[in-house]
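Engineer: coordinates for the following, if possible.
(2 chains)
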Amino acid sequence: MKKKPKKKAAEDKQNTLTELLKKHGAQIYDDLDKGNFPKFSIPSRSVSNIVYDKKIRQYILGTNTAVRSSRNTSQLRAFTQLMWLAFFANRLTGQKKSSTLRDVYYSSQAFEVDFEDQSESDNIIVDLEAVLSSPRESFHVFPEERSSVFGDLTIEYTVPGYEGKKTNLSDHPDGYAIGPSLTSSEFTGTSAEVVIAIEKGGLFTRFVEEQVDKKFKAIIVDTGGQAPRSTRTLLKRLHDELSLPVVILTDGDVYGEHIAMVIKSGSANAAHLRELTVPDAKWVGVWATDIEKYKLPTIPMTESDIKRCHDLLKDPRYQEGIWKKELEVFIKIKRKAELEAFSKYGLTNITDKYLPQKLEIAKSL
Amino acid sequence: MSSKESFTQISPSEFFYRNRDLAGFSNPTRSLYTAVREFVENSLDACDHGGILADVHMSIKAVDAEKPDPKQYILTVRDNGPGIESNHVPLAFGTVLYGSKFGLKQARGMFGLGATMAILYGQITTNKPVIVKSSTDGKTQDEYEMLLDIQKNKPVILKHETKEVSKTGLSVSICLEGDYAKAGSKIRDYVYQTSLITPYATITFDDPKGEKYRYTKVIRTMPPSPTVIRPHPHGIDVETIRRMLLDTHYQIPTVDDNMISKVRKELGLSNKNLSHSEIMNKAQKKWKTLTRPVRIVMALMSFLKMDFEKLSKTTIEEIDVGNKKLTYWDFGESQSISVDMDPESFYYKQLANTVQGETLTSFLTKRFQRVGPTTALKFAEYAKFKPEQRIGTMTNQELVKLTDGLQSFDDFMAPDPSCLAPLGESPLKKGMERFFEPDFLEVVQRGASAYSGFPFVIEMGIAYGGKISSHGMKVYRFANRIPLLYDEGSDVVLKVVNDTDWSRYKIKGEPPLVIVSHICSTRVPYKTVGKENVADRPEIERELKLALLSLSRKLSSFMSKRGQAEAAIKRKNLYSKYIPLIAQFCTELAGKKKEPNYKKMITEEPIVEEET
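Structural biologist: Numbers count the residues shown, from 1 in each chain, chains lettered A, B, ... in the order given. Prediction:
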């Protein structure tokens, strides 16, 4: 059964952003024309302004804002940098070019806007994200790290030179890198019924080999450890635009559990963004309770592992359900297990036995 | 063991010859510097004293320029002062301990000994005479060439000439062994700093290398000159009291022919022979005009009942005030004769005063500054003396008790500062202006204060920026218009400056900052004999702190205004750099063709923002 995705979702988003940039630009233009010093209001990203919103199940910024005024000489430089970045983002999106954090840093030098170092320009990029409430990928600044996707999903490119060209993401067994062209493409059709995000590249390859995509009608996404933001954006789009449930498989330890949590509800340092979470995503394993249940070979937890467990127990998102329960079990057994641990019972044990059971459980989560 | 030991008295010259290190003549470097100081300071003091705006010209020339240091130099200092009377010149420059500065007032040198020491040093190192040229009337000048006879402490005049001149003044030239290579920078510093604190004088210096240093006067008015005053009770010790008593406790005059003719002259009797009663009548009428010795002779005569004829043949042996007896030796009869004195008589009181000295109250009010009869009575009560006790009758123990009382009694008025000669705010300011050409300059003169009975006044100036190099804070220290060049580490002024938290006054890093501090006192409390650093007396430290505080507050407000002006310029520069960029970026963002009209934002004077 082919799903009918909402048409031109990616393009709509892009247009909204361009309008927003234009609106800000016009406001500043008017100020200058009247002889007023323009100013921006940027949501404060200080720790004290990051709060957890139970309704939308993610960290968000509070109501505090920082005014950045061009009249104030200590803010003038940063103001100009932000203006330049908006200007540069507008060009990138207008010309459909992509860029990276490092690239932005060097690009600034073509204008008379100089950044002391890349961390200064990175910081301004986050400011613009906050002003626009959009991730940097939306204005074509992409991360260096790439994760992969595989499965029956047909996409239509929007990047220059490939406009209208279609590809099915099951055509190449190594999977497709989740880069700018994939992220900005339109989804035209899929037969998949579930998205499986998996923490490790090795297991991703095994899943492709074992035809998990066909057996379970799944789109398989390799998160490559902590999921990059473009990957999280992709997961969100797969969920929102194609109405596909998202399940997450990670190592059986506290870090794996948190990788799943970040996909589900974001991270504190991306509290200014709302486009990166999949609140309905489900962590299906490896749970602490699975270690006993499946008799998995284990590794003892280190001191820092245990400390991390205790830290997360204070996080509002870990106060209920499996999230709390599994953390407590980890603390109790003080042992962890990796996804590869299933290989003790044969290479296909994980896909043959474990995965079907977990997908079944997921329905009731 | 020999029973005979020979004790020989040495002359003051001999003493200084043997102890010349004490006076600053220990080696060729130090000696050259000390000699310069002594002569220049003498010249300046002489001009100050004579109310003359000083022109002091100093030169140092090598006798043989080719020789390496140390070698012989000719040091000449010439001034336009009042000069020294011709007949005083040999004594003034040819004996040690002949000076005129024994009063209690502020002066640069203390006793005028240093110049003679320099001459002595020159003589023993080069065996050349001193040449002194002096003119007091601006018409004739006496020129002496002299050597010192060290053993006899007497001048030996080699040559004495008289010349016609057109100006008064004194010139002293000596030949001495010195080391200009080493002493040069110190001497140049000395000349520079002396000019700074003496802006009403012209000081020039021609150095042995042909360099000429010229510091011309920037003001043409003399600061008010100090007056000689009586001592303050707090500043007194037993020895001083003893000397003061010797002064007041008059000797019984010898009634010789000289005295008799003096008495005749004062009474206007010249050659007339009058009877005793006629003489006494005359004396009664003229009493007020008579000098003290004559009054005493008259008092004696009133009891002796003699005329001059008879008086000349006697000598007074004893005046016993207690028993009211006057005893004399009669040459004619060759025997001692006693007569009674009537204690009710006016003349008795006169004699009693003479023999026993003044009463304590009279002594205190007449011999000390700022002591009135009321204070004197209070003091007598405090120190447990009878106010009418005659000081001539005090025992040694009583004198010690008196001295202790004078030092510890708290109700004396503060010392009289009229003996001080501060430079004054305006001259100090002009001097500093000329030397530093600063952006900021403030001076302050504190009111008079005192430590241990010695009055003092602090003057201070602070200058910032302009032509002052920014190698950090520089402190120029002066005491009684003399620069203190060395040993500054332990000086009280440095202590006060270093204890100041300069960042509070917006002074940071290596500021182009100069502080000039001038301590004026009849006795500057130097820490060492080198007289280069001042001890930290709490009273002085407090005054220095207050002076510095008032100046640094003014500096601070200057700095913040300057800071605001600099910030305004900086702001304008930043606006000029960034606003056009913002305009460029937002034009494209807004999809406009023409840039916004922002020009006036960067050309107008930027608004000074209030600091938060």
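Engineer: every contact and neighbour count from this point should use C-alpha atoms.
Structural biologist: Noted.
Engineer: wasn't B:Phe478 part of a strand?
Structural biologist: Yes - secondary structure of B:Phe478 (DSSP: H, G, I helix; E, B strand; the rest coil): part of a strand.
Engineer: helix, strand or coil: sort out the nearest residue to it once chain neighbours are set aside for me.
Structural biologist: Using Cα to Cα, 6 or more residues apart in numbering or on different chains and skipping the chain neighbours, the partner closest in space to B:Phe478 is B:His518 (4.6 Å). Put simply, B:His518 is strand when judged by three-state DSSP.
Engineer: return the residues of chain B in contact with chain A.
Structural biologist: B:571, B:574-575, B:578-579, B:581-583, B:585-591, B:596-598, B:600-601 (Cα under 8 Å from any Cα of the partner chain).
Engineer: now with 6 Å?
Structural biologist: B:Ile582, B:Phe585, B:Cys586, B:Leu589, B:Ala590, B:Pro596, B:Asn597, B:Tyr598 (Cα under 6 Å from any Cα of the partner chain).
Engineer: what helices and strands are in contact with the helix or strand containing A:Ala86?
Structural biologist: Using DSSP states H and E, A:Ala86 sits within helix A:73-95. Counting by 3 or more Cα pairs under 6 Å, 6 or more residues apart in numbering or on different chains; DSSP states H and E, the packing neighbours recorded for helix A:73-95 are helix B:538-589.
Engineer: separation between B:Gly268 and chain A?
Structural biologist: Distance, B:Gly268 to chain A, using Cα to the nearest Cα, to the nearest Å: 96 Å.
Engineer: counting neighbours, what do you get for that residue?
Structural biologist: Number of residues near B:Gly268 (other Cα atoms under 10 Å in any protein chain shown) recorded here: 13.
Engineer: tell me the domain boundaries of the chain?
Structural biologist: Defaulting to chain A. Per the record, chain A has its domains at A:9-142, A:192-364, by automatic domain parsing.
Engineer: switch to chain B, that's the one I care about
Structural biologist: Using automatic domain parsing, the domain parsing of chain B gives B:12-215, B:233-247+B:358-408, B:250-356, B:417-559, B:561-603.
Engineer: comparing those domains, which gets the lowest mean pLDDT score?
Structural biologist: Ranked on mean pLDDT, the bottom entry among the domains of chain B is domain B:250-356, at a mean of 81.
Engineer: and B:Val492, how close does it get to chain A?
Structural biologist: Counting by Cα to the nearest Cα, the gap from B:Val492 to chain A is 43 Å.
Engineer: distance of that residue relative to B:Thr528?
Structural biologist: 13 Å (Cα to Cα, to the nearest Å).
Engineer: neighbour count winner among these two?
Structural biologist: B:Val492 (21 against 11).
Engineer: give the contact list for that one.
Structural biologist: Residues in contact with B:Val492 (Cα atoms under 6 Å, 6 or more residues apart in numbering or on different chains) are B:Val534, B:Ala535, B:Asp536.
Engineer: thinking again about what came up before, and the domains of chain A: which comes nearest B:Thr162?
Structural biologist: Minimum separation from B:Thr162 across the domains of chain A (Cα to Cα) falls at domain A:9-142, 79.0 Å.
Engineer: tell me which element B:Leu351 is part of?
Structural biologist: Going by DSSP H and E, B:Leu351 is part of helix B:346-356.
Engineer: now the strands: where do they sit in the stretch 1-150 of chain A?
Structural biologist: Ranges of strands in the stretch 1-150 of chain A, per DSSP state E, counting those that start in this stretch, are A:39-43, A:50-53, A:58-61, A:65-69, A:99-100, A:141-142, A:148-150.
Engineer: what does the second one rub up against?
Structural biologist: So that's strand A:50-53. Residues contacting strand A:50-53 (Cα under 6 Å, 6+ apart): A:Gln58, A:Tyr59, A:Ile60, A:Leu61, A:Gly62.
Engineer: what do you get if the cut-off is 7 Å, keeping everything else the same?
Structural biologist: Residues from elsewhere that reach strand A:50-53 (Cα atoms under 7 Å, 6 or more residues apart in numbering or on different chains): A:Gln58, A:Tyr59, A:Ile60, A:Leu61, A:Gly62, A:Ala271.
Engineer: and the fifth one, how many neighbours?
Structural biologist: In this case it means A:Gly62. By other Cα under 10 Å, 19 other residues sit near A:Gly62.
Engineer: and the closest residue to B:Glu177 other than its chain neighbours, which of the three is it?
Structural biologist: Sequence neighbours aside, B:Gln72 is the residue nearest to B:Glu177 in space, at 4.3 Å (criterion: Cα to Cα, 6+ apart). Secondary structure, three-state DSSP: B:Gln72 is strand.
Engineer: for B:Gln72, give me its contacts.
Structural biologist: Applying Cα under 7 Å, 6+ apart, the residues near B:Gln72 are B:Ala62, B:Val63, B:Cys175, B:Leu176, B:Glu177, B:Gly178.
Engineer: list the contacts for the second one?
Structural biologist: Right, the one you point to is B:Val63. Neighbour list for B:Val63: B:Gln72, B:Tyr73, B:Ile74 [criterion: Cα under 7 Å, 6+ apart].
Engineer: now swap in the last one and tell me
Structural biologist: With contact set as Cα under 7 Å, 6+ apart, B:Gly178 has these partners: B:Pro28, B:Thr29, B:Ser31, B:Leu32, B:Pro70, B:Lys71, B:Gln72, B:Tyr73.
Engineer: against B:Glu317, how distant is it?
Structural biologist: B:Gly178 is 60 Å from B:Glu317, by Cα to Cα.
Engineer: with respect to chain B, which of the contacts of strand A:50-53 is nearest?
Structural biologist: Nearest to chain B out of the contacts of strand A:50-53 is A:Gly62 (Cα to the nearest Cα; 25.8 Å).
Engineer: can you add secondary structure and distance to A:Leu276 and give the contacts of B:Gln72 back as TSV?
Structural biologist: What follows is the contacts of B:Gln72, written out as TSV (DSSP: H, G, I helix; E, B strand; the rest coil; distance: Cα to Cα, whole Å):
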residue	secondary structure	distance to A:Leu276
B:Ala62	strand	92
B:Val63	coil	95
B:Cys175	strand	97
B:Leu176	strand	95
B:Glu177	strand	93
B:Gly178	strand	89
